[in-house]
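In: Sequence below, structure please.
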Amino acid sequence: MSIYFQKTEFQKLVRSALLVFIVISISGSCKERPLDFELPYAGDRLVIFSQTKAGDTLKVEVQKTYPPTGQSTYSKGITTATVKVFDKKGYVETLRHVENGTYISSNGLIWKENETYKIEAEAPDYPKITTDLETMPSAPTILSYEFSKDIDSRYNPGTPSRELIIKIQDTNPNDSDYYMVIIKREVGKEIIGVNEFDLDKSSEFEDPCEFRYVGTFVFPDLCKNNAILTFRKGLELTYTYSKNIDPKARDKIIIYTRKISKNYYEFCKTYYEEDDLIVAFKTPYPRYSNINEGFGIFATYTETQKEFILKE
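Out: Numbering: from 1, shown residues only. As a prediction, this is how the structure comes out:
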């Protein structure tokens, strides 16, 4: 079960009470003892991580797997890999290593909209890995943004808030499309968090139309109406000042609307926060990957940006 929006104080109390109950129950009935079995390990494999935006320079990060020792590990990446990029026509370029396992185009080549790519990587002592074919989406078609209606906060009554509405045209009705919305606030040179709340649903839990992924909203075109997707949220306008924030500085909301590939969408769906208590009651499942003979993700997206000035 996924939690999409800001947690209410009631939810926090329930979670805290449940955690205390579990700790008391365990401490009263169990003794600590070492595990007497080895966790499975598929062996040393290369890992590709590349979430790429149309228009960016070709770039791929190459890492490696580690056996489950229970200890924290850190790697500067695989620096001796050969990383090749292909499109539908064939070989494009062999990327050069710059630092910490990051490889980029020597010729300044960029990822292109509607183009299909594949990545191959190999390094000494590791099996060669390849990605599935990945097609860069076209740019999202935004019909309108609305951010002018003042409202009250759903979770913190009395807190000044504003309604955000984004309408997206589904230009490909015969195929599934996938989207992501990221909301940020910039005061001067500082990026601060934004408290968002839902306006259309009474429940914060399972929703077939969208889910939350690391502070973003992800949704398929499942819940469109007359080929139009409507994203509607409330945003609280107050925030806590810190010593790094100049209260007289320019203040703005920045909206990033992405059209993401199906691989990107599936990767987001299998993410969970390890510190979330509810994970303890879930059946473990593998993180989605489109890497053959290895691990990681090769995912693509296009993005548009819109700014709303709160204070000049």
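In: Now do the strand ranked longest in the chain: which elements does it pack against?
Out: Ranked by number of residues, the top strand in the chain under DSSP state E is strand 295-311. With contacts taken as 3 or more C-beta pairs under 8 Å, 6 or more residues apart in numbering; DSSP states H and E, strand 295-311 sits against strand 46-53, strand 116-122, strand 134-135, strand 141-146, strand 251-260, helix 262-269. Backbone N, C-alpha and C define where each C-beta goes, glycine included.
In: quick one: strands adjacent to the second one?
Out: Translated: strand 116-122. Sheet partners assigned to strand 116-122 using DSSP bridges are listed as strand 82-87 (antiparallel), strand 129-131 (antiparallel), strand 134-135 (antiparallel).
In: tell me which residues of it are tucked away?
Out: Y117, K118, I119, E120, A121, E122 (16 or more other C-beta atoms under 10 Å).
In: so what's H97 bridging to?
Out: Beta-bridge partners for H97, by DSSP bridges, are Y103.
In: need the contact list for it.
Out: With contacts taken as C-beta atoms under 8 Å, 6 or more residues apart in numbering, H97 has the following neighbours: T79, A81, Y103.
In: of these, closest to T57?
Out: Of all the contacts of H97, the one with the least separation from T57 (C-beta to C-beta) is Y103, at 10.9 Å.
In: Pull the number of nearby residues for the closest one.
Out: Burial of Y103, expressed as a neighbour count using other C-beta atoms under 10 Å, amounts to 28.
In: now do the one 5 residues further on
Out: Other residues within reach of G108 by the criterion other C-beta under 10 Å amount to 8.
In: Can you check the distance spanned by stretch 197-215, start to finish?
Out: By C-alpha to C-alpha, to the nearest Å, the extent of stretch 197-215 from end to end equals 12 Å.
In: coming back round to it: if you count neighbours, what's buried in the longest strand of the chain?
Out: Result for strand 295-311 [16+ other C-beta under 10 Å]: buried residues F295, G296, I297, F298, A299, T300, Y301, T302, E303, F308.
In: what's the answer for stretch 229-248, then?
Out: Along stretch 229-248, the positions that meet the burial threshold by neighbour count (16+ other C-beta under 10 Å) are L229, F231, K233, G234, L235, E236, L237, I245.
In: Which secondary structure state does L222 sit in?
Out: At L222, secondary structure determined by DSSP: H, G, I helix; E, B strand; the rest coil is helix.
In: if I pick it, what's in contact with it?
Out: With contacts defined as C-beta under 8 Å, 6+ apart, the neighbours of L222 are S176, P208, C209.
In: pretty sure the first one is touching K262, no?
Out: Yes - with contact defined as C-beta atoms under 8 Å, S176 and K262 form a contacting pair (7.1 Å).
In: the more surrounded of those two?
Out: More crowded of S176 and K262, by other C-beta under 10 Å: K262, with 17 against 11.
In: and the closest residue in space to that one that isn't next to it in sequence, what is it in contact with?
Out: Nearest in space to K262, with sequence neighbours left out and distances taken as C-beta to C-beta, 6 or more residues apart in numbering, is Y178 at 6.2 Å. By C-beta under 8 Å, 6+ apart, the residues touching Y178 are V218, F219, P220, D221, K259, I260, S261, K262, Y264, Y265.
In: Partner strands of the helix or strand encompassing the first one and their direction?
Out: Using DSSP states H and E, the secondary-structure element containing V218 is strand 216-220. Strand pairing for strand 216-220, using DSSP bridges, gives strand 178-187 (antiparallel), strand 211-213 (antiparallel).
In: relative to helix 262-269, how tilted is it?
Out: Using axes from the mean of the first three to the mean of the last three C-alpha atoms, to 10 degrees, the inter-axis angle of strand 216-220 relative to helix 262-269 is 130 degrees.
In: For the closest residue to D152 other than its chain neighbours, grab the count of nearby residues.
Out: The shortest distance from D152 to any non-neighbouring residue, by C-beta to C-beta, 6+ apart, is to S161 (6.3 Å). A total of 24 residues lie near S161 under the criterion other C-beta under 10 Å.
In: element containing S161?
Out: Secondary structure from DSSP H and E places S161 in strand 160-169.
In: by contact count, what packs against that strand?
Out: Using 3+ C-beta pairs under 8 Å, 6+ apart as the contact criterion, the elements in contact with strand 160-169 are strand 141-146, strand 150-152, strand 178-187, strand 228-236, strand 251-260.
In: Just put those strands in TSV and tack on distance to V60 and mean pLDDT.
Out: As requested, the helices and strands packed on strand 160-169 are exported to TSV (distance: least, C-beta to C-beta, whole Å; pLDDT from 0 to 100):
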stretch	distance to V60	mean pLDDT
strand 141-146	29	98
strand 150-152	44	96
strand 178-187	21	96
strand 228-236	31	95
strand 251-260	18	97
